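>>> structure of the sequence below:
(2 chains)
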Amino acid sequence: MTDDRAMSPDDAATESAIVDDAGIGRRGKLGRLSIVITIVIAIIFGLFYAYNLFWAISNVVGVTTQINSYNVNRVKFGLEAVSTPWVVLIADVLISPVVYALAFFLGRRQTIFVKIVYFFLGLAVVAAVLLTLIALA
Amino acid sequence: MSAEPDDEALSWGGEKDPTHVDSPQPAEPEPSDGAEEVQPALSSVALVTFGVFGGIFLLYVVGWIIAVQRMAGSLGNPFFDFMNRLGEVLAIASPAAWFVGVLFLTRECRTFVRVLWLLLGIVILVPLPFILGTK
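Numbers count the residues shown, from 1 in each chain, chains lettered A, B, ... in the order given. From the prediction side, this is the model:
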């Protein structure tokens, strides 16, 4: 007597392929979701880093303008011109994109939580360094 | 049959005895998974070192709080004021965040590497506005 439930090798292979496809599909969806979440996190934190960059650029413009007009008056009175703190200003501009890139690079193969930790840690460091650079300028 | 039945009864045939059967060998212990292995606890020196670093970072937090209080001022725009305040809060939190972050992110690294990362934080996050007395 033959067993009706017994599977032929072809049927088994087909079913195995379907299970594999389902697994790959699920993994693919999870992978896509992970990429989307990574991009969303990168954009949200990126906005804060971008604000710091904008602030640094406005500092460069503001400080150089202020020092130039100050120097004009100093020269009128025969005083030596004050030099612009270019090193500090350039570091001010570079710190945000460099730290953002570093946080993105270090967290690229990590879990979502660790990515967030890297971005947050980077943002805190940028905030402290920017205030330090202002103190130095 | 031996001539001396008493001798035969009192001696062992050993492995030459055709009736000898080896006892079953004990099974090899299965290699345990890495996750189940008990991680060695931190040494006392490492714990004291991390404690000292924690104290220094705590002092940094106090330094940043005082520095930020000196900087208090409005930029005249609610958005810029909010972002400015956020930056100040992050600057205050940065030493504590660095300390906790390094201990968390380098938990699988050697103690020497963890100490190096903590030293880097000590250098980067010095509350210079507090030390220089910037207002």
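>>> pLDDT of the helix or strand that contains B:W64, averaged?
Secondary structure assigned from DSSP states H and E places B:W64 in helix B:44-71. The average pLDDT within helix B:44-71 is 93.
>>> buried ones in that helix?
B:49-50, B:53-54, B:56-57, B:60-61, B:63-64, B:67-68 (16 or more other C-beta atoms under 10 Å in any protein chain shown). The C-beta positions use only the backbone N, C-alpha and C, and glycine is treated the same way.
>>> where does chain A dip in pLDDT?
When residues are selected by pLDDT under 70, those of chain A lie in A:1-24.
>>> in which helix or strand would I find the residue nearest the centre of chain A?
Among the residues of chain A, the one closest to the centroid is A:Y100, at 3.7 Å (C-alpha atoms, centre = their mean). Assigned by DSSP H and E, A:Y100 belongs to helix A:86-106.
>>> same check, this time on B:V115
In this structure, B:V115 sits in helix B:111-124 according to DSSP H and E.
>>> buried residues in that helix?
Going by neighbour count (16+ other C-beta under 10 Å), the buried part of helix B:111-124 is B:114-115, B:117-118, B:121.
>>> list just the nearest of these to chain A.
B:G121 (8.4 Å; C-beta to the nearest C-beta).
>>> quick one: neighbours of the closest residue to that closest one other than its chain neighbours, just the number.
Nearest residue to B:G121, sequence neighbours excluded (C-beta to C-beta, 6 or more residues apart in numbering or on different chains): B:W98, at 3.9 Å. Look at B:W98: counted by other C-beta atoms under 10 Å in any protein chain shown, it has 24 neighbours.
>>> phi, psi of B:W98?
Backbone geometry at B:W98, expressed as degrees, to the nearest 10, gives phi -60, psi -50.
>>> related to what we said a few turns ago, what helices or strands is the helix holding B:V115 leaning on?
With contacts taken as 3 or more C-beta pairs under 8 Å, 6 or more residues apart in numbering or on different chains; DSSP states H and E, helix B:111-124 sits against helix A:112-136, helix B:44-71, helix B:78-105.
>>> would you turn those helices into JSON lines with distance to A:V75?
Below are the helices and strands packed on helix B:111-124 laid out as JSON lines (distance: least, C-beta to C-beta, whole Å):
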{"stretch": "helix A:112-136", "distance to A:V75": "25"}
{"stretch": "helix B:44-71", "distance to A:V75": "31"}
{"stretch": "helix B:78-105", "distance to A:V75": "33"}
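>>> of all those, which lies closest to B:T19?
The minimum distance between B:T19 and these falls on helix B:44-71, with 60.8 Å, by C-beta to C-beta.
>>> is that closest one anywhere near chain A?
Yes. For helix B:44-71 and chain A, the contact criterion (C-beta under 8 Å from any C-beta of the partner chain) is met by B:64, B:67-68, B:71.
>>> and of these, the nearest to A:T65?
Closest to A:T65 out of the residues of helix B:44-71 next to chain A is B:M71 (21.8 Å), distances taken as C-beta to C-beta.
>>> now do the same contact list for the closest one.
Neighbouring residues of B:M71 by C-beta atoms under 8 Å, 6 or more residues apart in numbering or on different chains: A:131, B:88, B:129, B:134-135.
>>> let me know the closest of the residues you listed to A:R108.
Nearest to A:R108 out of the contacts of B:M71 is A:L131 (C-beta to C-beta; 28.7 Å).
>>> how far away is the closest one from A:T38?
For A:L131, the distance to A:T38 equals 29 Å [C-beta to C-beta, to the nearest Å].
>>> same check on B:L125?
Distance, B:L125 to A:T38, using C-beta to C-beta: 27 Å.
>>> and those two? Which one has more around it.
Just comparing B:L125 and A:T38: by other C-beta under 10 Å the higher neighbour count belongs to B:L125, 26 against 16.
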